[in-house]
Structures are given as C-alpha cells and as structure tokens.
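Engineer: Let's see this in three dimensions:
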Amino acid sequence: MPALIRVGHRGAPALSADNTIESFDAAIAIGVDMIEFDVLPSRREPGALYVAHDHGALDERRSPTLAAALAHFATPPFAGVRLQLDIKHAGCEAAVIAALDASATRERAFISTGAHGVLARFRALAPDIALGWTVPDRPLVGDIPLVRTLYRRTIPARALARLCAGEINALVAHWSLVDRRLVDAVRGAGGEIYVWTVNDRRRIAALAALGVTGVITNDPRLFAVIEQTDAL
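Structural biologist: Numbers count the residues shown, from 1 in each chain. Just a heads-up that it's a prediction; the model follows:
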C-alpha cells in the first residue's frame, strides 16, 4: 500500500452514479487502493442486501445486490483492491460475512459503521475482519459549532479506548473532526485513520502531510496532487 491509501467513496461518483458497478469501474480505472460502498438491507425482500446508501436511493434505481457487487470485485481488475463495506443498519452481520465468503473477498474486507452494536457483532462473528468506527456516529444537532467542538475534543480519548480494547482497528472520521491530536492518538495506538469525504486537492494534501492512513473522496482524480508531490 502507498503512503496514503486512496479510497473511492462509493466508487467514483464524480464520474458515474454512486454505488454502481459503473462507478466502481471508474474508480479502478483511475487507480484506487480501496473502494468504499454502502450495504443496506432491503425493506421489501427479507434477507436481501443491496449496495445503496439509503432506501430512497434503493427505491429510485436498480442498485446492485451485495452478492453481485462482490462477484464483480472478485474479477481480475479489482485484484488486491481493499473493500470497505459501510454497514447502514444492524441485523445483517452474518449475511454480510456469508456473502464475503461466497465471493472469496473476505480477506480484503474492511467493515465500517457508526450504527450502534454492529461492530461488536462483527467482532464476535468474524474476529479476523478489520473494523472501523465511523464518526460522527450520531447527528451533531444543527451542526452547531460548539457542539462540534465538544465532540471533537472527546473523540481522541474514545477512539484510543476502543483501539486499546480491541473493539476496532481503525477510525473513519469526517474531515472536520481531524487534527494532529486525533491522528497522533490513533496512529500511536497502532490504528488506522481514514478521512471522509474529501473533495478538495489542498485538503487531501494537508491530510496526507498530517499522516492519516487514507482519504476517501468522490473524485479519485484528485489524488494526482499527492502523486505529483511524491514525484518531486
């Protein structure tokens, strides 16, 4: 893996509709190290899992099933590419693991979520799969600056405690919460820190300089700024 892991957020939605096979293909054509995508249980088909961010998106278009997406990721163009499954609702943990096993993609899987209880269930069912805690894991009421500031202050200690307890392997943090203190806390505990969703070249460069593990973006073409810097 490179110094900065390049992650396509739902593929490459700057080029094609997010959470689709076309979007995943666009991301891999540009050159990413990881593809993040959403996993959502269907409300209409008990037990069915789809690649969609929410039920509105699922109802509006023909979203791929999780099985179809993983089968696509098992094809040669995606060899070695890590897969970040962002779990939107609890209750599908065993089915997700079964789908990973059926597609032989389990060893490349990275599970992330902010949904309560999901990470603990994955840890119990599949302790070998890396887990990432997505923050903020609850709405920051009205996005009031004071509330965000207070939340930001507590995250380093909370992340450190979860890493040390073996509950998580990584923190998946919104860019507005990331500073030197947070990066040092996570990396110092041996964890990874991924930052979402960053669609600005200068911010990507600044985060890379800060030492984050990876950056998640809607437009993987923006990673060219890091590649150009590394080449100097």
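Engineer: now the longest strand along the chain, how far from the centre of its chain.
Structural biologist: If you go by DSSP state E, the chain has its longest strand at strand 34-41. Distance, stretch centre to chain centre, for strand 34-41: 8 Å (C-alpha atoms, centre = their mean, to the nearest Å).
Engineer: How about stretch 192-201?
Structural biologist: 10 Å.
Engineer: Roughly how far does the closest residue to residue 5 other than its chain neighbours sit from residue 226?
Structural biologist: Distances taken as C-beta to C-beta, 6 or more residues apart in numbering put residue 214 closest to residue 5, at 3.2 Å, once the chain neighbours are dropped. In this view, the C-beta of every residue, glycine as well, is placed from N, C-alpha and C. According to C-beta to C-beta, to the nearest Å, residue 214 and residue 226 sit 11 Å apart.
Engineer: joint contacts of those two?
Structural biologist: 4, 6 (C-beta atoms under 8 Å, 6 or more residues apart in numbering).
Engineer: neighbour count winner among the two?
Structural biologist: Remark: of residue 214 and residue 226, residue 214 carries more neighbours, 28 against 20, as counted by other C-beta atoms under 10 Å.
Engineer: circling back to that earlier point, strand partners (parallel or antiparallel) of the longest strand of the chain?
Structural biologist: strand 5-9 (parallel), strand 49-50 (antiparallel), strand 82-87 (parallel) (DSSP bridges).
Engineer: Switch those over to a markdown table; also include distance to residue 157.
Structural biologist: Shown next, in a markdown table, are those (distance: least, C-beta to C-beta, whole Å):
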| stretch | distance to residue 157 |
| --- | --- |
| strand 5-9 | 25 |
| strand 49-50 | 34 |
| strand 82-87 | 24 |
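Engineer: which one of these lies closest to residue 119?
Structural biologist: Nearest to residue 119, of all the strands paired with strand 34-41, is strand 82-87, at 8.7 Å by C-beta to C-beta.
Engineer: now the chain, which segments are flagged as low pLDDT?
Structural biologist: 1-2, 139-144, 227-232 (pLDDT under 70).
Engineer: now the helices for it?
Structural biologist: Secondary structure of the chain (DSSP state H): helices located at 21-30, 55-60, 66-73, 93-102, 118-125, 145-164, 180-188, 201-210, 224-231.
Engineer: And the longest one, what does it pack against?
Structural biologist: Of the remaining helices and strands, those touching helix 145-164 by 3 or more C-beta pairs under 8 Å, 6 or more residues apart in numbering; DSSP states H and E are strand 130-135, strand 170-174, helix 180-188.
Engineer: most tightly surrounded among those?
Structural biologist: Greatest average neighbour count among the helices and strands packed on helix 145-164 goes to strand 170-174 (a mean of 25), per mean count of other C-beta atoms under 10 Å.
Engineer: how big is the angle separating that one from strand 130-135?
Structural biologist: 30 degrees (axes from the mean of the first three to the mean of the last three C-alpha atoms, to 10 degrees).
Engineer: Pull up the pairing partners for strand 170-174, direction included.
Structural biologist: Strand 170-174 has these strand partners (DSSP bridges): strand 130-135 (parallel), strand 192-196 (parallel).
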